[in-house]
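Visitor: Sequence plus predicted model, see below.
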Amino acid sequence: NSYAARLLGYPLLRLPDAVIGMVRFGAFVEHEAKKLLGMPVPGIAPHRFICMVHFQQTFDNSKAQRLLGYTSKVEIKRSVERIVSQWVAHTGARTGLRPFMTFVAATSLTSLCVVAGLLIAARRV
């Protein structure tokens, strides 16, 4: 969300659906290539995560508030701050535009290397 991006100092990029689709397909190819090569893969496949984030759903707590008297203990803004600070502490991530661009470049380079390795391996078979 835009608040998390601001906390990290990252630009909020609004991309067309076609671009999201291409990125999701690239993430799928990279994930499957890593599985084929026996490399470690994350618990949630990146292409599925991209789907979850892109097709975001908003949940309504009004029924729980009305019927059960539910109130949240932590407001959403504070929750996002806590998640971002824990993520930065856990990953050692740096904030700001330069680390963001380095991350994008490294991710793209990794994807290209995995695909190139698959093409080379396929040629040898």
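Guide: Yep, that arrived. Because the structure is predicted, anything quoted here is derived from the model rather than measured.
Visitor: Tell me where the model's unsure across the protein.
Guide: For the chain, applying pLDDT under 70 flags the ranges 1, 55-59, 94-125.
Visitor: got the residue ranges for the helices in it?
Guide: Counting by DSSP state H, the chain has helices at residues 2-8, 17-36, 46-54, 62-68, 76-91, 97-124.
Visitor: tell me what the first one is packed against?
Guide: Right, helix 2-8. If contacts are counted by 3 or more C-beta pairs under 8 Å, 6 or more residues apart in numbering; DSSP states H and E, helix 2-8 sits against helix 76-91. Any C-beta I mention is one placed from the backbone N, CA and C, and that applies to glycine too.
Visitor: Would you mark the buried spots in the helix it packs on?
Guide: Val84 (16 or more other C-beta atoms under 10 Å).
Visitor: Next: stretch 12-25.
Guide: Using 16+ other C-beta under 10 Å as the burial criterion, the residues of stretch 12-25 that qualify are 23-24.
Visitor: Mind listing residues that contact it?
Guide: 2, 5-6, 47, 50-51, 54 (C-beta atoms under 8 Å, 6 or more residues apart in numbering).
Visitor: export these to TSV and tack on distance to Arg14 and neighbour count?
Guide: Below are the contacts of stretch 12-25 laid out as TSV (distance: C-beta to C-beta, whole Å; neighbours: other C-beta atoms under 10 Å):
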residue	distance to Arg14	neighbour count
Ser2	10	8
Ala5	11	14
Arg6	14	13
His47	20	17
Ile50	15	18
Cys51	17	13
His54	11	13
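Visitor: Export those as a markdown table, with columns for distance to Lys63.
Guide: Below are the contacts of stretch 12-25 laid out as a markdown table (distance: C-beta to C-beta, whole Å):
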| residue | distance to Lys63 |
| --- | --- |
| Ser2 | 27 |
| Ala5 | 31 |
| Arg6 | 31 |
| His47 | 33 |
| Ile50 | 30 |
| Cys51 | 26 |
| His54 | 26 |
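Visitor: Farthest-apart pair in the residues you listed, please.
Guide: Greatest spatial distance among the contacts of stretch 12-25 (C-beta to C-beta): Arg6 and His47, at 26.4 Å.
Visitor: With only the CA atoms kept, save stretch 19-38 in PDB.
Guide: Taking Å, rounded to 0.1, in the frame of the first residue of the first chain, the C-alpha atoms of stretch 19-38 are listed here in PDB:
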ATOM      1  CA  VAL A  19       2.700  -5.100 -17.200                       C
ATOM      2  CA  ILE A  20       1.500  -6.900 -14.000                       C
ATOM      3  CA  GLY A  21       0.600  -9.900 -16.100                       C
ATOM      4  CA  MET A  22       4.100 -10.000 -17.700                       C
ATOM      5  CA  VAL A  23       5.800  -9.600 -14.400                       C
ATOM      6  CA  ARG A  24       3.600 -12.400 -12.900                       C
ATOM      7  CA  PHE A  25       4.500 -14.700 -15.900                       C
ATOM      8  CA  GLY A  26       8.200 -13.900 -15.400                       C
ATOM      9  CA  ALA A  27       7.900 -14.700 -11.700                       C
ATOM     10  CA  PHE A  28       6.100 -18.000 -12.600                       C
ATOM     11  CA  VAL A  29       8.900 -19.000 -15.100                       C
ATOM     12  CA  GLU A  30      11.600 -18.100 -12.500                       C
ATOM     13  CA  HIS A  31       9.800 -20.100  -9.800                       C
ATOM     14  CA  GLU A  32       9.400 -23.200 -11.900                       C
ATOM     15  CA  ALA A  33      13.000 -23.000 -13.200                       C
ATOM     16  CA  LYS A  34      14.300 -22.800  -9.700                       C
ATOM     17  CA  LYS A  35      12.200 -25.900  -8.700                       C
ATOM     18  CA  LEU A  36      13.500 -27.800 -11.800                       C
ATOM     19  CA  LEU A  37      17.100 -26.900 -10.900                       C
ATOM     20  CA  GLY A  38      16.600 -28.000  -7.200                       C
END
